[in-house]
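Visitor: the following comprises the amino acid sequence and a computationally predicted model.
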Amino acid sequence: MQLKAMNLIVRDLPAATAFFRDVLGLDPEVEDERFAQITAGPVTIMLSPDAMVPTVSAAGTILHFQVENVRSALEHARANGAPVLMEPTMTDWAWESAMIAGPEEIIVDLYRPVS
């Protein structure tokens, strides 16, 4: 089994799409008034205000994006208005990691493995 896609249910689709585009540099392949689709490596992120089944808002979602340079990625995010939740930190599991606030209470971890 392999995760290929995730759908994030968001209240403000244009703002969520703008975050992924402007802050993270991920250009949407599809962007309309009810749906956006963004490729992030091998995973497709879909954004929509609703789903085909009843849903409730999820809390505690963290998206982990591997980057080559954590400090550079964090400065790009900060320059584009992302609130910084955690400055670059070495973790116990050998990652350098920085975290920013994303749209809809999503947390984005910008990390790189350290060998």
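Guide: Thanks, I have it.
Visitor: quick one: buried residues of the helix or strand where residue 71 lies?
Guide: Using DSSP states H and E, residue 71 falls within helix 70-79. Using 16 or more other Cβ atoms under 10 Å as the test for burial, helix 70-79 gives 70, 73, 74, 76, 77. In short, each C-beta sits where N, CA and C put it, glycine included.
Visitor: right, and residue 66 touches residue 114 too?
Guide: No - counting by Cβ atoms under 8 Å, residue 66 sits too far from residue 114 to count as a contact (11.8 Å).
Visitor: on that earlier part again, could you name the helices and strands sitting against the very next helix or strand once past the helix holding residue 71?
Guide: Once the chain leaves helix 70-79, the next helix or strand it forms, by DSSP H and E, is strand 84-90. Counting contacts by 3 or more Cβ pairs under 8 Å, 6 or more residues apart in numbering; DSSP states H and E, strand 84-90 is packed against helix 70-79, strand 95-101.
Visitor: that older thread, adding pLDDT, write the buried residues of helix 70-79 out as JSON lines.
Guide: JSON lines is the format used below for the buried residues of helix 70-79 (pLDDT from 0 to 100):
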{"residue": "70", "pLDDT": "98"}
{"residue": "73", "pLDDT": "97"}
{"residue": "74", "pLDDT": "98"}
{"residue": "76", "pLDDT": "97"}
{"residue": "77", "pLDDT": "97"}
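Visitor: give me the neighbour count for residue 31.
Guide: Neighbour count for residue 31, taken as other Cβ atoms under 10 Å: 16.
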